[in-house]
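>>> Fold the following.
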Amino acid sequence: MNKNYTHDLIVIGGGPGGHAVAENAANYGAKVCIIERSDWGGTCTHRGCIPTKALLASSKRFADLKKLKRLGISVRDSSFDFEAVKRHQMQMVRLSAMGIEITLREAGVELKLGEGVLLGPEEVEFRSPAGEKQLLTAPYIALAWGSEPKQLPILGQSDRILTSDEFLSLVTLPRQVIIIGANVIGVEFATFLAEMGSNVILVEILDRILPYEDEEAAELLEKELKQLGVVIHTATHVKGSEDKESGIVVMAEKGGQTLTLEGDCILLCVGRKPRLYRDQLDQAGVKYTEEGILVDRRLRTNVPGIFAVGDVTGGMMLAHRAIQQGRALASCLFSDGSITYIEEAVPSVVYSHPPLARVGLTVREARNKGLDIDVIKKEYSANIMARTELAGQGFVKFVFHENRLVGATIFGAESSELIVSLGLAVAGRLERQVLSSWIIPHPTLSEVLRI
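As a prediction, this is how the structure comes out:
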């Protein structure tokens, strides 16, 4: 590298994508600097994956107590301590952030806490919390700015209207919550709150919950949520909100009828959007849209030497997607490029109870593309371990095109773990014959994957 550069790579953003590209590049021998504005780990660690999964771990254990009688175990007068639940959440956040910082330091990455400003190709200005400025240079710059919650302006302003970021900071459990948005985040929060005894109203503008997932799986999950007591309004248009002394009211319309929904607060789960610093992008000449920074399959922007990874590139805003993008970019820049990123092979998981996991195409997506497909479905009810463990209903759906696996959906217990192997199969475009030769231990839940 040019001896006048301060670094080989500068990464702006310490979330999953930034962490992955920085750590892997340093492990390949590059001199790397990573700049993070506030918290190591980004949205996933502090306002997304980790805190929500910590809460869901608590609510699942509490809800599962009701199943123990079927196994011959009696538990009476069960209760929960929400302060302790929150302590568990915060401890998991701290452990995750600490682990990220440690792995970066052990890899030899230079960590800077403050603001990183893209000046143009090869140049970044670091601004410390004390106001000091330092010019950093590198032939390669990776933007990992992350994302932020979308707002719903029609609701107006109120302290009772919370995004998922703000909701995770609550220290008391709301009695009644109106969740607007029934995609992944909304469904996960509805699961947690209902299992902990809160009254939940779930509102979705489209005609079903989880509109981008397998229809049959979404239908079954809707039934599970209703059994928990969640009131669900689909095909419902929110018209506004009004603060009351006792809470907040949402005005909505469904099928020409006016709905008035009351709650202690509104939880906005209408998605996230890329965090774009437009002035910096414009100055550097980097192309972008409202959907994110434009990159090719090798994560390159239109400006040589400037790359982008993670949520800021739009698409599926998932931590593991960002991580793989970061790993692939580091491999491309500083190694042999053997680690690749395949958008079509990114799995997604709804951490409801039971969870819903998918990789590749759903049946509807495949048919919309005009593909001639074969669909194979295996039921949990035929699996002895699912019955033994009282796993409840569930299924695996395989989607084949030209005898190769192009998609799979799993709805049921442990689907977030089971989808991993099918993700590998989709990425490798494995033929049905190869999957049919797969030897799976007996008795295991994994046998639901046998074709």
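>>> Can you tell me how far the nearest residue in space to C265 that is not next to it in sequence is from T45?
Leaving aside its sequence neighbours, C265 sits nearest to R160 (Cβ to Cβ, 6 or more residues apart in numbering; 4.6 Å). (Glycine included, C-beta is placed from N, CA and C.) R160 is 27 Å from T45, where distance means Cβ to Cβ, to the nearest Å.
>>> returning to what we had before: tell me the pLDDT of the residue nearest to C265.
On pLDDT, R160 comes in at 96.
>>> Got the domain ranges for the chain?
9-148+273-343, 153-270, 354-449 (automatic domain parsing).
>>> The shortest one: end-to-end distance?
Taking Cα to Cα, to the nearest Å, domain 354-449 runs 17 Å from one end to the other.
>>> Show me the strands in the stretch 251-400 of the chain, by range?
Under the criterion DSSP state E, counting those that start in this stretch, the stretch 251-400 of the chain contains strands at 257-263, 265-268, 272-274, 288-289, 292-293, 306-308, 348-350, 356-360, 373-379, 395-401.
>>> For burial, what's the neighbour tally of T289?
Neighbourhood size, T289 [other Cβ atoms under 10 Å]: 10.
>>> can you tell me which residues contact G394?
354, 379-380, 386, 410-413, 415, 448 (Cβ atoms under 8 Å, 6 or more residues apart in numbering).
>>> any idea how far the residue nearest to C265 lies from H320?
Counting by Cβ to Cβ, the gap from R160 to H320 is 33 Å.
>>> Now do the residue most central in space within the chain against R429, distance only.
The chain has L318 as the residue nearest its centroid, 4.0 Å off, counting by Cα atoms, centre = their mean. Relative to R429, L318 is positioned 21 Å away (Cβ to Cβ).
>>> F126 too?
Distance, F126 to R429, by Cβ to Cβ: 44 Å.
>>> So which of those two has more stuff around it?
F126 (20 against 17).
>>> What spatial separation is found between the closest residue in space to that one that isn't next to it in sequence and I141?
Leaving aside its chain neighbours, F126 sits nearest to Q134 (4.6 Å; criterion: Cβ to Cβ, 6+ apart). Applying Cβ to Cβ, the value for Q134 to I141 is 15 Å.
>>> out of these two, which sits in the more crowded spot?
Taking other Cβ under 10 Å, Q134 and I141 do not tie; I141 has more neighbours (28 against 12).
>>> and the helix or strand where that one lies, how far out from the chain's middle?
Here I141 sits within strand 140-143, counting by DSSP states H and E. With Cα atoms, centre = their mean, to the nearest Å as the basis, strand 140-143 stands 23 Å off its chain's centre.
>>> contact partners of the helix or strand following it?
Sequence order places strand 147-149 as the next helix or strand after strand 140-143, per DSSP H and E. Strand 147-149 has contacts (Cβ under 8 Å, 6+ apart) with 43, 163-165, 268, 270-275, 311-312, 317.
>>> cool, stretch 86-106 as well?
14, 19, 22-23, 26, 34, 39-41, 45-46, 50-51, 53-55, 57-58, 111, 168, 171.
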